[in-house]
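Participant: Give me a model of this one.
(one chain, ligands or ions: 1)
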Amino acid sequence: MVMPKSERDLARNGDGGIYAHVVGWGMAVPDMILTNHDLEAIVETSDEWIRTRTGITERRIASERESTASLGLRAAQRALDIADVLPTEIDLIIVATSTPENIFPSAASLIQHRLGAVKAGAFDLSAACSGFVYGVEMANQAIRSGSITTAVVIGSETMSRILDWQDRSTCILFGDGAGAVVLRASNTPGGVLSAVLRSDGSGADMLSIPTVGSEDLSNSYFLASEHRMFKMYMNGSEVFKFATRVIGESILEALHKAGLTLNDVSLVVPHQANARIIQSAARALKLDVDRFVSNLDRYGNTSAASIPIALCEAIEQGRIKENDNLVFVGFGGGLTWAAMVLQWGVPPAIEGFAGSRIKRQRRRASYFLARWGMRLQRWGRTINRFTNRLLGRSEQKD
Ligand code: COA
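Facilitator: Numbers count the residues shown, from 1 in each chain. A predicted model of the protein is given here:
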């Protein structure tokens with residue numbers, strides 16, 4: 001009997017197949033910093049409590065002029081510069097977010113337009129803090145099937161807008177920011193080697209942000225419970241237990257699918273929720289905690305944005321080399337969780353590279369035209385409406 005090859009064997013041996021490689025990355029965080037000491041003036045808490053229970057010291061908060069789409073756009077523009085890809089080359093844009101600007105249009109469509117990515121499909125993906133890994137896997141599958149060549153996957157959040165700033169058990173944990181990667185088809189084996197995506201909706205009430213379609217709206221439970229429309233509710237200790245269990249399990253499962261073991265892993269880029277969750281996962285896997293990227297001291301939990309932000313910083317710090325095996329692991333509302341193994345295929349020399357001059361100028365022109373094109377279209381529609389109204393009135397008079 002011929003045994004099926006593992007996904008990793010197929011990827012490594014080269015079978016004339018198509019592989020999805022990360023070729024660009026970028027992040028964007030607001031300038032405004034909210035420290036633990038600042039929080040002491042908002043809720044009954046202390047810098048010492050927050051640091052020892054979570055590992056967080058400060059987080060970024062979006063200004064009134066910043067949004068999920070504007071942060072995501074900046075991260076995507078940086079990733080396109082590194083990848084040296086033109087907006088017109090993008091086939092698909094996925095934004096993983098729990099804080100979209102609208103129910104529709106999607107943040108992905110807003111970003112698609114502002115990039116001038118005129119040939120791209122775009123949609124938002126809701127899988128809470130696991131959303132970025134889900135999004136990369138969706139893009140990977142689309143690339144490997146041959147249906148697309150280039151995808152941009154963004155995790156972007158403005159968590160500060162859905163926090164209950166009177167609830168000290170949640171408002172101290174989260175922050176705003178965005179991270180993005182560009183994935184491209186290649187015949188070079190490597191890139192995304194395997195992924196495990198999971199969900200357990202029985203834990204839906206452990207972490208939630210109710211919105212307009214919520215069935216809870218129509219019953220007294222909603223009014224009587226702590227759940228508030230557009231505000232986050234979380235059962236912290238239950239989420240903590242769930243997270244520590246699924247991180248290890250899903251990493252091992254994704255490695256098994258890729259035909260690798262923990263010894264082959266150079267770096268784990270986990271969702272940044274709590275330093276104690278990362279330490280506990282490292283202990284359970286008997287991995288040195290230094291092999292986990294951790295930057296939540298400076299950003300807190302940025303939900304779907306946390307993994308790409310941590311990835312960007314790890315690259316910047318020279319912690320990732322060509323051919324390294326990386327693991328992404330996320331967990332959050334749903335409940336959802338996801339792990340992914342990637343073989344990094346981009347030489348480190350690319351760091352700091354901002355693309356060829358001509359392509360860079362074409363990207364800038366595309367962003368400029370998209371911005372002004374949108375304004376002109378809106379003005380045009382207003383003038384049309386005005387003219388039609390005038391004509392309509394005069395026709396009626398006639
Ligand atoms: N400052 C001071 N005290 C606080 C506090 C704060 N910000 N938040 C909670 N407390 C208090 C509680 O009221 C409780 O007091 P009590 O003993 O008098 O009732 C005490 O601290 C302990 O609360 P507990 O919830 O048991 O703390 P904890 O050690 O479990 O830490 C979390 C709380 C939220 C930090 C922790 O459960 C956690 O990180 N959970 C996972 C959250 C997460 O990752 N969410 C996102 C998933 S994507």
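
Participant: Doesn't residue 111 lie inside a strand?
Facilitator: No: if the criterion is DSSP: H, G, I helix; E, B strand; the rest coil, then residue 111 is helix and not within a strand.

Participant: just the strands in the stretch 251-398 of the chain please.
Facilitator: With strands called from DSSP state E, counting those that start in this stretch, the stretch 251-398 of the chain shows them at 267-270, 325-332, 336-343.

Participant: Adding mean neighbour count, distance to the ligand and mean pLDDT, write those out as CSV.
Facilitator: C-beta coordinates here come from the backbone N, C-alpha and C atoms, glycine included. Supplementary listing: those in CSV, determined by neighbours: other C-beta atoms under 10 Å; distance: least, C-beta to the nearest ligand atom, whole Å; pLDDT from 0 to 100:
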stretch, mean neighbour count, distance to the ligand, mean pLDDT
strand 267-270, 24, 11, 98
strand 325-332, 27, 4, 98
strand 336-343, 27, 9, 98
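
Participant: any chance of those strands in CSV, with distance to residue 135 too?
Facilitator: Converted to CSV, these look like this (distance: least, C-beta to C-beta, whole Å):
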stretch, distance to residue 135
strand 267-270, 14
strand 325-332, 10
strand 336-343, 10
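
Participant: right, and those - which one's nearest residue 64?
Facilitator: When these are ranked by proximity to residue 64, the top entry is strand 325-332, at 26.6 Å, counting by C-beta to C-beta.

Participant: List the contacts of the closest residue to the ligand within the stretch 101-250 of the chain.
Facilitator: Ranking the residues of the stretch 101-250 of the chain by distance to the ligand (C-beta to the nearest ligand atom) places residue 236 first, at 2.9 Å. Residue 236 is in contact with 169-170, counting by C-beta atoms under 8 Å, 6 or more residues apart in numbering.

Participant: Could you check how many residues crowd around the nearest residue to residue 261 once chain neighbours are set aside?
Facilitator: In space, and not counting its chain neighbours, residue 261 is closest to residue 255: 6.2 Å by C-beta to C-beta, 6 or more residues apart in numbering. Residues within reach of residue 255, counting by other C-beta atoms under 10 Å, total 23.

Participant: what sits up against stretch 105-117?
Facilitator: When contacts are taken as C-beta under 8 Å, 6+ apart, the neighbours of stretch 105-117 outside the stretch itself are 68-69, 72-73, 76-77, 80, 87-88, 90, 93-95, 97, 100-101, 120, 122-124, 152, 154, 156, 366-367, 369-371, 374.

Participant: Local confidence estimate at the residue nearest to residue 261?
Facilitator: The predicted local confidence for residue 255 comes out at a pLDDT of 98.

Participant: Would you enumerate the residues in contact with it?
Facilitator: With C-beta under 8 Å, 6+ apart as the criterion, the residues that contact residue 255 are 194, 261-262, 264-265, 327, 341.

Participant: and those, which are buried?
Facilitator: With neighbours counted using 16 or more other C-beta atoms under 10 Å, these contain these buried positions: 194, 265, 327, 341.

Participant: what sits against the last one?
Facilitator: Residue 341 is in contact with 8, 192-195, 254-255, 257-258, 260, 265, 325-327, counting by C-beta under 8 Å, 6+ apart.

Participant: The same query, at a cut-off of 10 Å, please.
Facilitator: The contact partners of residue 341, taken as C-beta atoms under 10 Å, 6 or more residues apart in numbering, are 7-8, 11, 192-196, 251, 254-260, 264-265, 325-329.

Participant: re earlier: redo the buried ones among the contacts of residue 255 as JSON lines? Include distance to residue 171.
Facilitator: Listed next are those as JSON lines, based on distance: C-beta to C-beta, whole Å:
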{"residue": "194", "distance to residue 171": "36"}
{"residue": "265", "distance to residue 171": "34"}
{"residue": "327", "distance to residue 171": "30"}
{"residue": "341", "distance to residue 171": "34"}
